[in-house]
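**Q** A structural model of the following input is requested.
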Amino acid sequence: MKQQNTINIERTTKETAIKLALNPQGSQQLAIETGVGFLDHMLTALASHARWDLSIQVKGDLEVDDHHSVEDVAIVLGQAIKQVWRANNQLQRFGQRLMPMDEALIMCAVDLSGRPYYVGELSFTREMIGGIATEMFEHFFYTLAVNAEMTLHIKPMYFRNNHHLIEGCFKALAYAMKEALTPIAGSPSTKGSL
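**A** Sure, this is the predicted structure:
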């Protein structure tokens, strides 16, 4: 992983130990091991489509349940995203994507503004998918938005398959983030800075 643009974060609690390295201008070098296979799959989709280098190593209390690992990954990834955009005042700032994932269609919009807010309308027809409680995906996006200090909207337009819904959300977020983190000339705010 290229070192010059890489954000490194380590976070250890009684519930999880996480090491993360994020380079948003990477070449899709990925090493993701959360202990939750479906979360690894979604984070791989996010990082790959955003064209990030991402390494996440997690040791969590999965013998309890998935909550702490999923939540703490969102905390650390959000903190890394915040460091990326706070370090550069010449980014697009806004990003959006309407993402088809087979029969599912998902809208995602982000604003790297310093104003954390999450609006999501995720509802599922299953309680679990890939070993994760589906309610944790709404919590993941909320926690990510708060820790990245960004505004995040995710709205499924329609879907039939829960896997496609969740994967579409992560891929839509990837392209919205890729757009928001695009370098520009000048400030992305009429105030001159965020």
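**Q** can you tell me the SS state at Ala80?
**A** helix (DSSP: H, G, I helix; E, B strand; the rest coil).
**Q** check contacts around it.
**A** 7, 9, 20, 22 (C-beta atoms under 8 Å, 6 or more residues apart in numbering). Any C-beta I mention is one placed from the backbone N, CA and C, and that applies to glycine too.
**Q** which stretches in the chain count as strands?
**A** In the chain, strands defined by DSSP state E lie at 7-12, 16-23, 30-33, 53-60, 94-101, 104-111, 117-120, 128-129, 132-133, 151-158, listed in chain order.
**Q** give me the ChimeraX select line for the contacts of Ala80, limited to the buried ones.
**A** The buried subset of the contacts of Ala80, as determined by 16 or more other C-beta atoms under 10 Å, is captured in ChimeraX by this line:
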select :7,9,20,22
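**Q** between the contacts of Ala80, which is nearest Ala180?
**A** Closest to Ala180 out of the contacts of Ala80 is Leu22 (14.5 Å), distances taken as C-beta to C-beta.
**Q** from Thr134, how far out is the closest residue to the closest one other than its chain neighbours?
**A** Excluding the flanking residues, the one nearest Leu22 by C-beta to C-beta, 6 or more residues apart in numbering is Ala80, at 4.3 Å. Per C-beta to C-beta, to the nearest Å, Ala80 is found 25 Å from Thr134.
**Q** and if you look at Lys14?
**A** Distance, Lys14 to Thr134, by C-beta to C-beta: 26 Å.
**Q** more neighbours: these two, which one.
**A** Using other C-beta atoms under 10 Å as the criterion, Lys14 and Thr134 rank with Thr134 on top: 18 against 7.
**Q** over to the more buried one: give its phi and psi.
**A** Note on Thr134: its backbone torsions stand at phi -60, psi -30 [degrees, to the nearest 10].
**Q** do the same with Trp52
**A** Torsion angles, degrees, to the nearest 10, at Trp52: phi -90, psi 160.
**Q** burial count for it?
**A** The burial count for Trp52: 26, using other C-beta under 10 Å.
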